[in-house]
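> Need a 3D model of the following:
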Amino acid sequence: MMMADMEEAGELATGPPPLTEDDFVEPSAKQDDSDDDELFPADKKEPSTYPPKTVIPAPTTIIADDDESEDIFGDSGQDGDKLNLSSSGEDPDLRHAQASPVTTAAETQTPAVAKPVVKKAPEEECDVDDSDGFTLEIKIQEPQKIGDGMNAYVVYKVTTTTNIPIFRRKEFFVMRRFSDFLGLHEKLSLKYTQQGTIVPPAPEKSVIGMTKIKMSKEDNASSDFIERRRAALERYLNRTAVHPILRQDPDFRDFLEQTDLPKATSTSTLSGASVLKLFTKAADTVSKIATKMNESDHWFEEKQTHIDNLEQQFRRLHACLEQIVLARREQSMATGAMARSAAMLGNSEEHTALSRALAQLAEVEEKVDQLINDQANSDFYLVAELVKDYIGLIGSIKDIFRQREKTFHNWQQAEQTLTKKREIEARLSLAGKTDKVPQAKEEIREWERNVEQREQEFNVISKTIRKEITRFDKSRQRDFKQVLLDYMQSLLDTQQTLIKYWEGFLPEAKAIA
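The predicted structure follows:
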């Protein structure tokens with residue numbers, strides 16, 4: 001009996017074996033341990049070193065939010081609750097007994113190599129407030145045709161009013177041609193798209209429209225094509241000016257302030273740079289199809305689907321609006337033709353009252369013709385052009401999504417290279433080539449830094465895109481609310497004016513005997 005008691009006491013003194021890192025990892029996670037080391041070298045934490053085995057009679061508790069506790073799971077990228085265990089003054093036996101039941105596969109599972117693990121930014125980080133009290137208003141006026149023939153071009157007066165201190169004056173103007181606007185957009189895109197910033201697109205080039213202007217002998221600066229381009233350029237500059245980062249760019253300030261700018265050389269439709277851009281864009285599309293990114297961030301997955309749906313609906317709406325504008329213009333032309341026919345009929349009518357009524361009808365139809373034409377312009381400039389601008393903005397959003405995918409693939413390629421370097425170092429060590437091992441270790445350290453840098457670049461661009469999409473959503477809601485209110489008011493004004501015209505004509509029609 002005494003021997004049995006002594007053996008039992010010996011077992012208590014010895015206790016279970018000390019904890020190792022594998023005690024807190026599921027078997028499935030152990031198999032992927034090498035991949036986890038490669039994916040998250042910066043976030044992985046070493047396991048705690050437990051104190052010597054000691055039997056402590058006092059109970060040990062698990063502290064969830066202790067500042068001195070160590071998270072044995074590190075920053076694994078999981079969004080679930082993490083378990084923090086105190087590493088000082090606790091019995092490892094009791095800690096093991098209490099930690100094992102609550103350790104789940106969801107907490108210890110290693111993420112797949114092909115998917116990025118991105119820490120979701122807190123909601124307050126995505127809250128965008130651009131109301132800094134500064135204003136920057138830009139107007140484009142007085143388009144002028146310079147030169148004749150195929151060498152002719154149009155210049156626009158760009159007037160800026162602002163209270164931002166970085167500008168030298170509060171109000172100033174410069175003269176710019178269309179290629180200057182394209183050159184500005186090119187500079188901003190090269191600098192900011194790769195950072196995840198949405199750069200508003202410049203108006204599209206129109207070879208047919210400019211050819212008509214160049215070959216026209218009449219210097220008609222108020223032509224429909226020039227007016228459309230003027231309005232589009234004004235919207236482009238103001239959309240760029242409201243962005244808190246783009247409006248402080250030196251190239252943007254120089255565009256608004258400097259009298260003379262270097263001539264943009266890569267903006268021609270048939271230039272080598274333009275052709276190269278087309279090939280680069282086609283190559284990016286093929287690369288996207290061949291190396292599709294397996295998205296693990298649900299926020300980005302939902303946003304990409306939402307953006308695709310928005311683009312599809314915007315294109316349908318824009319097509320319908322173009323049909324409405326075309327129908328109104330045709331109605332305006334038909335109304336004008338009717339007015340002229342009624343006037344001619346009134347001149348040939350012998351009945352005095354009827355002749356006077358037909359002449360009055362012709363005048364009313366002329367007013368209605370102008371009214372319908374004005375409504376067609378309202379349909380176009382208020383709604384159709386806004387929808388077209390947002391189709392272009394969605395294209396810019398897709399560009400930054402593609403840039404994020406490129407950053408992710410660069411990160412994964414660096415991971416693969418690092419794995420190869422480690423394999424080379426291991427083979428050299430096994431082969432006994434000690435003279436080459438130091439160089440291999442130095443290459444491993446260099447690629448570890450590269451992996452950490454590219455992982456940081458991926459996290460930074462993901463955070464920037466979140467803010468940009470939040471700003472885009474708020475801007476879209478604000479713009480469409482204001483446009484819908486203005487559009488409804490224009491429709492009401494048109495109908496009220498139309499009723500007024502016909503009510504004025506009614507007594508004249510009743511006077512026909």
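> rest of the way, CA atoms for contacts and neighbours
Will do.
> Where does pLDDT dip in the stretch 201-350 of the chain?
Flagging of the stretch 201-350 of the chain using pLDDT under 70 yields the residue ranges 214-222, 264-293.
> what are the ranges of the helices in it?
Here the stretch 201-350 of the chain has its helices, by DSSP state H, counting those that start in this stretch, at 207-215, 224-241, 250-257, 272-290, 298-348.
> a markdown table for the ones you listed, including mean neighbour count?
Compiled in a markdown table, the helices of the stretch 201-350 of the chain are given as follows (neighbours: other Cα atoms under 10 Å):
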| stretch | mean neighbour count |
| --- | --- |
| helix 207-215 | 15 |
| helix 224-241 | 18 |
| helix 250-257 | 17 |
| helix 272-290 | 12 |
| helix 298-348 | 16 |
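> Now distance to residue 373 too, for those helices, in TSV please.
What follows is the helices of the stretch 201-350 of the chain, written out as TSV (distance: least, Cα to Cα, whole Å):
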stretch	distance to residue 373
helix 207-215	21
helix 224-241	13
helix 250-257	34
helix 272-290	37
helix 298-348	6
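> Would you map the strands across the protein?
Here the chain has its strands, by DSSP state E, at 70-71, 84-85, 136-146, 153-162, 171-177.
> and the fourth one, which strands flank it?
Next to strand 153-162 in the sheet, as set by DSSP bridges, lie strand 136-146 (antiparallel), strand 171-177 (antiparallel).
> Show me the one of the helices of the stretch 201-350 of the chain that comes nearest residue 194.
Distance to residue 194, taken as Cα to Cα, is lowest for helix 272-290 among the helices of the stretch 201-350 of the chain, at 13.8 Å.
> for this protein, longest helix please?
helix 437-510 (DSSP state H).
> So what angle separates the directions of that helix and helix 298-348?
30 degrees (axes from the mean of the first three to the mean of the last three Cα atoms, to 10 degrees).
> Residue 365 and residue 335, how far apart?
As judged by Cα to Cα, to the nearest Å, residue 365 and residue 335 stand 6 Å apart.
> do the same with residue 385
For residue 385, the distance to residue 335 - Cα to Cα - is 25 Å.
> Then residue 348?
Taken as Cα to Cα, the span from residue 348 to residue 335 is 20 Å.
> Next, count neighbours for residue 503.
By the criterion of other Cα atoms under 10 Å, residue 503 has 11 neighbours.
> wait, I meant residue 483
Residue 483, neighbours per other Cα under 10 Å, totals 14.
> How about the one 10 residues further on?
Taking other Cα under 10 Å as the neighbour definition, residue 493 ends up with a count of 14.
> pLDDT wise, what is it at?
Model confidence at residue 493, expressed as pLDDT, equals 94.
> picking up where we left off before, angle of the longest helix of the chain against helix 224-241?
Going by the same axes, to 10 degrees, helix 437-510 makes 130 degrees with helix 224-241.
> Hmm, residue 315 is touching residue 389, no?
No. Using Cα atoms under 8 Å, residue 315 and residue 389 do not qualify as a contacting pair, with a distance of 10.9 Å.
> Was I right to think residue 458 contacts residue 409?
No. In this structure residue 458 lies outside contact range of residue 409 using Cα under 8 Å: 9.5 Å.
> Looking only at neighbour counts, state which of these two leads.
Legend: neighbour count by other Cα under 10 Å for residue 458 and residue 409, higher for residue 458 (24 against 19).
> re earlier: the helices of the stretch 201-350 of the chain: which one's closest to residue 370?
Per Cα to Cα, nearest to residue 370 of the helices of the stretch 201-350 of the chain: helix 298-348, 7.2 Å.
> Which other helices and strands does that closest one contact?
Judged by 3 or more Cα pairs under 8 Å, 6 or more residues apart in numbering; DSSP states H and E, the packing partners of helix 298-348 are helix 352-378, helix 385-431.
> of these, which approaches residue 476 most closely?
Among the helices and strands packed on helix 298-348, if distance is taken as Cα to Cα, the winner is helix 385-431, at 8.1 Å.
> Between helix 224-241 and the closest one, find me the angle.
Computed by the same axes, to 10 degrees, the angle between helix 385-431 and helix 224-241 is 50 degrees.
> want to try CSV for the helices and strands packed on helix 298-348, with distance to residue 489 and mean pLDDT as columns?
Formatted as CSV, these follow (distance: least, Cα to Cα, whole Å; pLDDT from 0 to 100):
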stretch, distance to residue 489, mean pLDDT
helix 352-378, 11, 91
helix 385-431, 17, 93
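> ok so, going back, quick one: the strands paired with strand 153-162 as TSV, columns for distance to residue 511 too.
Formatted as TSV, the strands paired with strand 153-162 follow (distance: least, Cα to Cα, whole Å):
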stretch	distance to residue 511
strand 136-146	48
strand 171-177	58
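> Turn those into TSV, including distance to residue 205, mean pLDDT and mean neighbour count.
Formatted as TSV, these follow (distance: least, Cα to Cα, whole Å; pLDDT from 0 to 100; neighbours: other Cα atoms under 10 Å):
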stretch	distance to residue 205	mean pLDDT	mean neighbour count
strand 136-146	17	89	18
strand 171-177	13	92	18
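> can you tell which of those is closest to residue 466?
strand 136-146 (25.0 Å).
> Kindly format the C-alpha coordinates of that closest one as CSV.
This file holds the C-alpha atoms of strand 136-146, laid out as CSV (Å, rounded to 0.1, in the frame of the first residue of the first chain):
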residue,chain,number,x,y,z
LEU,A,136,-11.7,74.5,-56.1
GLU,A,137,-14.1,75.4,-58.9
ILE,A,138,-13.1,75.1,-62.5
LYS,A,139,-15.0,76.5,-65.6
ILE,A,140,-14.2,76.0,-69.2
GLN,A,141,-15.4,78.7,-71.6
GLU,A,142,-14.8,80.4,-74.9
PRO,A,143,-13.6,77.6,-77.2
GLN,A,144,-11.7,78.9,-80.1
LYS,A,145,-10.6,77.3,-83.4
ILE,A,146,-7.0,78.0,-84.2
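> Give me the angle between it and helix 207-215.
Interaxial angle, strand 136-146 versus helix 207-215 (the same axes, to 10 degrees): 50 degrees.
> Can you tell me what sits against strand 136-146?
152-164, 219, 221-222, 226, 230-231, 233-234, 237-238, 241-242 (Cα atoms under 8 Å, 6 or more residues apart in numbering).
> picking that back up, format the helices and strands packed on helix 298-348 as a markdown table; extra columns: distance to residue 204.
As requested, the helices and strands packed on helix 298-348 are exported to a markdown table (distance: least, Cα to Cα, whole Å):
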| stretch | distance to residue 204 |
| --- | --- |
| helix 352-378 | 20 |
| helix 385-431 | 10 |
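> of the ones you listed, which approaches residue 186 most closely?
The nearest among those, by Cα to Cα, is helix 385-431 at 12.6 Å.
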